[in-house]
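*Asks:* Sequence and predicted structure are below.
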Amino acid sequence: MVRYMKAYTPVVFYLSPPVIYYESYTEIWFDPKNTLYLSQNLKSDEMVFVNTEIGGSKLDFEFLVDYDTHFRYYYDNKAMGQVGEMPIGHSSDIKMLWEVGHAMVSDTEAKHCSYDMKRCYYAMNVPVVFNISSHIGYTSGGQNLTIHGYGFNNENVTVKVGGVDCKVTQYQDSSVSCEVQPTTVPTANATLNQPGANGVRRQYFNGTDIHWSNRDTWANPEQSVATSFEVPTNLKTHSRSGNKMYAWFVAPETSQYRFHMTCNDYCDFWMGLNTSDPLNKTHLVQRRGWTNSRFHLRQLTSDTVSDWVNLTKGENYYVEGRHWDNGWSDNFAVGVEINKTETMDITNHHHAMKEIQYISASPKDSKFETTRITITNPNKGGSYALSLQNPKNLSYSVYKNI
């Protein structure tokens, strides 16, 4: 006989970030439930779970997760892994294998969709550029440019330099070469934040001298490109840490937007609302106090959500965030909400936070399900014991002799 039990079915909540690329890192968030009890006395080269695959390719957890890594049952845990070689695609599934089989994937949290529902995904693997053969060229064109990275082995690969098509001459997984074409307009100063630069430029600061009061003079950051306006949690090795993030937001429709921000402990969010002077930014949200990670919609206050702002379809809006943590559970995330318009119905939109919206009901109008237990063959003497146990807290139970 085989027994299927929810208590031994792990759950995967989501990837953070869900947009990944070769050699990037992502966190898988999960609840192992009682499966942890089956993973005892592990060898030094084993983990409590067997593996995690994205689009059929395994995440690499070496030096990040081992037999001694502590996870809690019935709790939101995370494990960070590195992305390896995998096909470029907009629809990669998530599989997390345990001794009992594959974990269930929570659709409401793991699935992400564009505002118009034309594209949904659990994980999206995109090409990445690591470096280019030259940063200087001529308006007359004719130079050969080689771009190094991963994910270019596609006959449809295209390259633009300064907004002008660069004629592709060779391509493979790790590089693409093209011939620069003439242009009459020189490229803008590359030292400034430029619209069209994919990803979020992130600066991470970690040290005992990191204070909110001296945030304008933080120095020696670790720099990286993120694929969402969210930082990994609990990374710091000192008592204090900080993040500065810079990006461009492109409005998908002309509508009203507002931005939700959560962090631990302090954070700010700005936007350049004037597209003719984008770096003249407006302070939209400021938070002085901690919230749990991704606490959007649970606490709609002026220090977690901005006022509605009017944005125009296709325009580039400069956005900037700052975050400081003074203790444990460092986190910082900014999400966006789009308002319904007369020409755009978003009521059926799937989004990754809908599971936390609340429905209130009056107890007097509620009908509770009842379960009848009939004892047809009690023990001698006609007595029996009834025990009820809470599956989320095995230490709590109700025991009754009848």
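*Replies:* Good, I have the coordinates. Numbering: from 1, shown residues only.
*Asks:* I figured Glu179 was touching Thr169, is that so?
*Replies:* Yes: between Glu179 and Thr169 there is a contact under C-beta atoms under 8 Å: 5.9 Å. Any C-beta I mention is one placed from the backbone N, CA and C, and that applies to glycine too.
*Asks:* Give me the common contacts of these two.
*Replies:* In terms of C-beta atoms under 8 Å, 6 or more residues apart in numbering, Glu179 and Thr169 are both contacted by the residues Asn144.
*Asks:* Compare the two (neighbour count), which wins?
*Replies:* Taking other C-beta atoms under 10 Å, Glu179 and Thr169 do not tie; Glu179 has more neighbours (15 against 12).
*Asks:* Quick check: phi and psi at the more buried one.
*Replies:* Per-residue torsions, Glu179: phi -100, psi 120 (degrees, to the nearest 10).
*Asks:* same thing with Thr282?
*Replies:* The phi and psi torsions at Thr282 (degrees, to the nearest 10) take the values phi -110, psi 140.
*Asks:* gap between the nearest residue to it once chain neighbours are set aside and Tyr318?
*Replies:* Nearest residue to Thr282, sequence neighbours excluded (C-beta to C-beta, 6 or more residues apart in numbering): Leu273, at 5.2 Å. From Leu273 over to Tyr318 the distance is 9 Å, taken as C-beta to C-beta, to the nearest Å.
*Asks:* Mind checking which of these two has more residues around it?
*Replies:* The neighbour count for Leu273 versus Tyr318, taken as other C-beta under 10 Å, is higher for Tyr318 (21 against 17).
*Asks:* Contact partners for that one?
*Replies:* By C-beta under 8 Å, 6+ apart, the residues touching Tyr318 are Asn193, Tyr246, Ala247, Trp248, Phe249, Met271, Gly272, Pro278, Leu279, Lys281.
*Asks:* Point me to the helix or strand that includes the fourth one.
*Replies:* Right, Trp248. strand 240-250 (DSSP states H and E).
*Asks:* for the nearest residue to Gly335 once chain neighbours are set aside, which residues make a bridge with it?
*Replies:* Once flanking residues are discounted, Gly335 sits nearest to His260: 4.6 Å by C-beta to C-beta, 6+ apart. Legend: beta-bridge partners of His260 under DSSP bridges are Val305, Gly335.
*Asks:* Could you report the neighbour count for His260?
*Replies:* Neighbours of His260 using other C-beta under 10 Å come to 21.
*Asks:* what's the answer for the one 10 residues further on, then?
*Replies:* Neighbourhood size, Trp270 [other C-beta under 10 Å]: 18.
*Asks:* quick one on the thing from earlier: least confident pick among the contacts of Tyr318?
*Replies:* Among the contacts of Tyr318, Asn193 carries the lowest pLDDT, at 52.
*Asks:* returning to what we had before: go ahead and build a ChimeraX selection from the buried members of the contacts of Tyr318.
*Replies:* In ChimeraX syntax, the buried subset of those is picked out as below (16 or more other C-beta atoms under 10 Å):
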select :247,248,249,271,272,278,281
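*Asks:* which two from the contacts of Tyr318 end up farthest apart in space?
*Replies:* Spanning the widest gap among the contacts of Tyr318 are Phe249 and Leu279, at 13.8 Å by C-beta to C-beta.
*Asks:* if we can go back for a sec, you'd agree the residue nearest to Gly335 is up against Thr304?
*Replies:* Yes: with contact defined as C-beta under 8 Å, His260 reaches Thr304; the gap is 6.3 Å.
*Asks:* how near is Thr374 to Leu388?
*Replies:* 16 Å.
*Asks:* who's more crowded, these two?
*Replies:* Leu388 (9 against 4).
*Asks:* How is the protein partitioned into domains?
*Replies:* 136-179, 203-356 (automatic domain parsing).
*Asks:* can you confirm Thr233 is in a helix?
*Replies:* No: with DSSP: H, G, I helix; E, B strand; the rest coil as the criterion, Thr233 is located in coil rather than a helix.
*Asks:* burial measure for it, as a count.
*Replies:* Neighbours around Thr233, by other C-beta under 10 Å: 20.
*Asks:* what's near enough to touch it?
*Replies:* Each residue near Thr233 by C-beta under 8 Å, 6+ apart is listed here: Glu27, Lys78, Ser293, Ser329, Asp330, Asn331.
*Asks:* Sort out which one of these lies nearest Pro10 for me.
*Replies:* Lys78 (13.3 Å).
*Asks:* Touching both of Leu273 and Tyr318, which residues are there?
*Replies:* Residues touching both Leu273 and Tyr318 comprise Lys281, with contact defined as C-beta under 8 Å, 6+ apart.
*Asks:* Tell me the secondary structure at the closest residue in space to Val129 that isn't next to it in sequence.
*Replies:* Spatial nearest neighbour of Val129, excluding adjacent residues (C-beta to C-beta, 6+ apart): Gly149 at 4.3 Å. Of the three states, Gly149 takes strand under three-state DSSP.
*Asks:* quick one, what contacts Gly149?
*Replies:* Contacts of Gly149 (C-beta under 8 Å, 6+ apart): Tyr22, Pro127, Val128, Val129, Phe130, Asn131, Ser174, Ser175.
*Asks:* So which of those is the closest to Thr69?
*Replies:* Closest to Thr69, out of all of these and judged by C-beta to C-beta, is Tyr22, at 24.6 Å.
*Asks:* ok so Trp283 is a strand residue?
*Replies:* Quick fix: residue 283 reads His, not Trp. Yes: counting by three-state DSSP, His283 is part of a strand.
*Asks:* Gly289: what's its closest spatial neighbour, skipping adjacent residues?
*Replies:* Nearest in space to Gly289, with sequence neighbours left out and distances taken as C-beta to C-beta, 6+ apart, is Asp265 at 6.7 Å.
*Asks:* do the same with Asp173
*Replies:* Going by C-beta to C-beta, 6+ apart, Asp173 has Asn153 as its nearest residue, at 4.3 Å.
*Asks:* surely that neighbour meets Tyr171?
*Replies:* Yes: between Asn153 and Tyr171 a contact is recorded at 6.3 Å, counting by C-beta under 8 Å.
*Asks:* Which one of those two is surrounded by more residues?
*Replies:* Tyr171 (18 against 15).
*Asks:* No further queries at this time; thank you.
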